[in-house]
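Peer 1: Sequence and predicted structure, then a few things I'm wondering about:
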Amino acid sequence: MENRKVNITKYNKPFIEQRADPFICRSREGTYYFTGSVPEYDRIVLRSSNTIEGLKEARDEVLWRRHDKGPQAVHIWAPELHYVMGKWHIYYAAGEAENIWKIRPYVLVCDSEDPMKGPWRELGRMQAAEEDEFSFQAFSLDATVFEHRGEWYYVWAEKTGVGKQISNLYIAKMASPNRLATVQVLLTTPDYPWERVEYWVNEGPAVIRKDGKLFLTFSASATGACYCMGMLYIDEERDLLDPNNWRKLTDPVLQTDRDKGIYGPGHNSFVKGEDEIMDLCIYHARQYEEIEGNPLYDPNRHTMIMPVKWNENGFPCFEYAAGSQ
């Protein structure tokens, strides 16, 4: 960052440096786990602590490394750790050595109760439902999973169309940790100008719920300073697979704030604090706007944290706060 104008403020101190697509979860026993994309995009790492603050200095354990050739050889992106159907799983995306943009979603499973020690085993590519001829046929990434009323759901980004293509978000029920049970349903496509800067993108979904509503945040546009977060919501009584039941806010809920020195915030996750009450938003952002070359290969997307506030209408509010990182 020596040649860049870095705007250091009281709002943009990194929680963990050079970890994009950050993900924190909490086990039933209270252990916190952290993972994210490393700048080299060549491995999956995990760290743990009894406290969120302790994740800062915790040691990374390398759980898995990229293949030398063929699928899963490049662009190891956006790992997420989830306890699904009785076992720990990691959901991530990867490209092929011979075609680095042939990005597809993959799954690892842990054969013990300790995700830090493993052993971890490949389940291969995420599989579509038998009658689904569309899912995972094109550039697909950024999967998250969540349980709702005893059923598991899978949400991911996938490109469609020709030319530069458009990245949409889709949802389906899960039959198993690595197979869908239903045909994909389109959740959101880039509709507004803030979702269409340089590229038309919806990606990076994350789920949070409160008081009878389920909220799904996502990231939009290219990965530079234009990157931002939008949000969908639905009443939890409604059918999650009916797109007419979802509503998308017309404006982003988190975006670049030049005065505070936060550029391109996005690809977030949510976790409860140690009090099991406060909700935290974990996201990545840069401390500068000017990027040399492809923003995708700029290593300085840092993990940051903010407390989630809730307004009188029961909606989450995302506000940068001094010292919240």
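Peer 2: Happy to help now that I have it. Everything quoted here is computed from the prediction, not taken from an experiment.
Peer 1: State the pLDDT value of the residue nearest in space to the middle of the chain.
Peer 2: With distances taken as C-alpha atoms, centre = their mean, G204 lies nearest the centre of the chain, 4.2 Å away. At G204, the pLDDT value in this model is 98.
Peer 1: you'd agree it is up against S219?
Peer 2: Yes: the pair G204 / S219 is scored as a contact, 3.8 Å apart, by C-beta atoms under 8 Å. C-beta here means a position set from N, CA and C on the backbone, and glycine is covered the same way.
Peer 1: Name the residues contacting each of the two.
Peer 2: Common contacts of G204 and S219 (C-beta atoms under 8 Å, 6 or more residues apart in numbering): G266, H267, N268.
Peer 1: What's the local residue count around I291?
Peer 2: 18 (other C-beta atoms under 10 Å).
Peer 1: ok, the closest residue to it other than its chain neighbours to E290 distance?
Peer 2: Ranked by C-beta to C-beta, 6 or more residues apart in numbering and with sequence neighbours excluded, the top spatial neighbour of I291 is D298, at 5.0 Å. Separation of D298 from E290 (C-beta to C-beta, to the nearest Å) stands at 10 Å.
Peer 1: Between these two, which is the more surrounded one?
Peer 2: Shown here are D298 and E290; by other C-beta under 10 Å, D298 has more neighbours (20 against 12).
Peer 1: give me every residue that touches that one.
Peer 2: R286, I291, E292.
Peer 1: Distance-wise, check the first one relative to N300.
Peer 2: This means R286. From R286 to N300 the distance is 6 Å (C-beta to C-beta).
Peer 1: Just want to know which of the two has more residues nearby.
Peer 2: R286 (30 against 19).
Peer 1: Spatially, what comes nearest to the more buried one if we skip its sequence neighbours?
Peer 2: R286's closest residue in space is Y263 (C-beta to C-beta, 6+ apart), at 4.5 Å.
Peer 1: residue contacts, the one you found?
Peer 2: G224, A225, T256, A285, R286, Q287, Y288, E289.
Peer 1: Sweet, I'm off.
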